[in-house]
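Peer 1: quick check, what structure comes out for this input:
(4 chains)
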4 protein chains.
Amino acid sequence: VVVVEHAVRFEEVDAAGLVFFAHLGAWAHEAMVRFFDQLDGGYVRLITERRIGLPAVKLEAEFHAPLRYGDVVAIETSVAKVGNKSAVFVYRMKRQDGELAAELRHTVVTTDLEAVRSCPMPADVRAALEAHRSTGHG
Amino acid sequence: VVVVEHAVRFEEVDAAGLVFFAHLGAWAHEAMVRFFDQLDGGYVRLITERRIGLPAVKLEAEFHAPLRYGDVVAIETSVAKVGNKSAVFVYRMKRQDGELAAELRHTVVTTDLEAVRSCPMPADVRAALEAHRSTGHG
Amino acid sequence: VVVVEHAVRFEEVDAAGLVFFAHLGAWAHEAMVRFFDQLDGGYVRLITERRIGLPAVKLEAEFHAPLRYGDVVAIETSVAKVGNKSAVFVYRMKRQDGELAAELRHTVVTTDLEAVRSCPMPADVRAALEAHRSTGHG
Amino acid sequence: VVVVEHAVRFEEVDAAGLVFFAHLGAWAHEAMVRFFDQLDGGYVRLITERRIGLPAVKLEAEFHAPLRYGDVVAIETSVAKVGNKSAVFVYRMKRQDGELAAELRHTVVTTDLEAVRSCPMPADVRAALEAHRSTGHG
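Peer 2: Below is the predicted model of the structure:
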């Protein structure tokens, strides 16, 4: 499990005064980017030089507790599955009071960004995923 | 089924040159807002005067085809379920070439925005939902 | 003067309950995109096929009145200056009650997106700009 | 001068492959929020409990060099002016290669968020501003 923190930004709330749900997809993505800090050159080099991306093919999110300006969320990232060309990340987002605010499952496919077509998973990406694969039922 | 169009905005693509997946959550929300144009005062009055919101408790999205700058998506909004205090919207997002780019299921709960607690569904909200309830399996 | 409308989106307010100021830069850009609907293929083709962009080199914004969820803004776009490789757009954003909410001046430079270097202004871009050049003091 | 870093996020580039200019307004705001970490409870408490905000009345930005995915910007925040109810922040945003990517001047007014009307500047806000007031020409 890799943990990163996200402090709710001033502009991330909506007209109801709560964090807009769709932003949590971006937080999940940011947590994935940080997860790949373990790669040489990280996610940036994967995208810009190696030209391999990880577009989402599926996202399942459950929102359990509201978030407001001032909240700081700890995002626990783990890997539930690793396939030939795909992986499933799980993000548990906990509020500073320990409450589970949201849980997201994010399925990505290794993709050749030139052809915009799925491609074999690079060995270092696979190794990073395997190293953080959850042993439970995900 | 209520249909609205969304032209991909210049700033909605990401560093891979494709529409960033999390934005589709915002598009879905916008389609819901437009769906509620049939209410007196629409979603704006629901939020700002009646102080009833529809926060998401669940979002399930499948991304079938990539979207790029220049694409225009037709979003078909229907209602799969109506509960006591909740509803499930389904959004089918079709690219201008007819390809289904994404399908989202969005579960919302009628919420008293002062207490930030679920509340009975207002009659006009229920009527609007029932009027567009899909007859199939959703 | 070309006029487009923008209804404040649910997620465009901030934790103070007012529209987040930086979003008005995006609204200005969107108004510029719509301004260029008069080009063959519009701004989309300019960017994606002709590979010419109009990045901002300067933005000057004055915010006169707050905007809230529910407000609808009429954006009046005019052209204050046309140079060899640059142009200055002026956007007057008026609230539905007629109040001037904001005024922005946006200086852009015609740019070859392959080289990311300024380039001569295409004739059709110039013609569109000249056609809407304000005769006043801008 | 208070310095914070911002790594360009995956979703902050636009269809031209460059950072979308309007995002720099949000970066400036974020730098201001971090500037006020020196207040007791910071910007969060200022907004949510003390109900005093700092909406922008003016923004002047010059964009000198393009930013791309992978760039990390150091944002140097200083205070050019402190008035009765207003202040002018200056943000110099430098790319990792030392290049000045952008410079922004951001005028804010201390505002009672209940009345949405300007209000006297709290003493601790003034002290924080004065402590970082640039002695040069701003």
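Peer 1: could I get the average pLDDT for stretch A:9-27?
Peer 2: Per-residue pLDDT over stretch A:9-27 has a mean of 98.
Peer 1: do the helix or strand encompassing A:His29 and chain B meet?
Peer 2: In this structure, A:His29 sits in helix A:23-35 according to DSSP states H and E. Yes. Applying Cβ under 8 Å from any Cβ of the partner chain, one finds helix A:23-35 in contact with chain B at A:23-26, A:28-29. For every residue, glycine as well, the C-beta is placed using N, CA and C.
Peer 1: what's the neighbour count on the closest residue to A:Glu49 other than its chain neighbours?
Peer 2: In this structure, A:Glu49 finds its nearest non-sequential neighbour in A:Gly41, 6.9 Å apart by Cβ to Cβ, 6 or more residues apart in numbering or on different chains. A total of 15 residues lie near A:Gly41 under the criterion other Cβ atoms under 10 Å in any protein chain shown.
Peer 1: go ahead and confirm A:Gly41 touches A:Ile47.
Peer 2: No. Assessed by Cβ atoms under 8 Å, A:Gly41 is found out of contact with A:Ile47, at 9.8 Å.
Peer 1: spell out which residues of chain A are next to chain B.
Peer 2: Contact residues, chain A versus chain B (Cβ under 8 Å from any Cβ): A:15-18, A:20-26, A:28-29, A:47-48, A:53, A:55-64, A:66, A:111, A:113, A:116.
Peer 1: if we can go back for a sec, quick one: work out the angle between the helix holding A:His29 and helix B:23-35.
Peer 2: Interaxial angle of helix A:23-35 relative to helix B:23-35 (axes from the mean of the first three to the mean of the last three Cα atoms, to 10 degrees): 180 degrees.
Peer 1: buried residues of the helix or strand that helix A:23-35 is followed by, list them for me.
Peer 2: Downstream of helix A:23-35, the first helix or strand assigned by DSSP H and E is helix A:42-48. Neighbour-count burial for helix A:42-48 flags A:42-44, A:46-48 (criterion: 16 or more other Cβ atoms under 10 Å in any protein chain shown).
Peer 1: kindly export stretch A:121-138 (C-alpha atoms) in PDB.
Peer 2: Taking C-alpha atoms only, stretch A:121-138 is exported to PDB below (Å, rounded to 0.1, in the frame of the first residue of the first chain):
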ATOM      1  CA  MET A 121       2.700  -4.300 -20.100                       C
ATOM      2  CA  PRO A 122       6.300  -3.100 -19.600                       C
ATOM      3  CA  ALA A 123       8.300  -5.200 -17.200                       C
ATOM      4  CA  ASP A 124       9.000  -2.400 -14.800                       C
ATOM      5  CA  VAL A 125       5.400  -1.400 -14.700                       C
ATOM      6  CA  ARG A 126       4.400  -5.000 -13.900                       C
ATOM      7  CA  ALA A 127       7.100  -5.300 -11.200                       C
ATOM      8  CA  ALA A 128       5.800  -2.200  -9.500                       C
ATOM      9  CA  LEU A 129       2.200  -3.400  -9.600                       C
ATOM     10  CA  GLU A 130       3.200  -6.900  -8.300                       C
ATOM     11  CA  ALA A 131       5.100  -5.400  -5.500                       C
ATOM     12  CA  HIS A 132       2.000  -3.700  -4.100                       C
ATOM     13  CA  ARG A 133      -0.500  -6.300  -5.000                       C
ATOM     14  CA  SER A 134      -2.900  -6.800  -2.200                       C
ATOM     15  CA  THR A 135      -3.000 -10.300  -0.900                       C
ATOM     16  CA  GLY A 136      -6.700 -10.100   0.100                       C
ATOM     17  CA  HIS A 137      -9.700 -10.300  -2.100                       C
ATOM     18  CA  GLY A 138      -9.200  -6.700  -3.300                       C
END
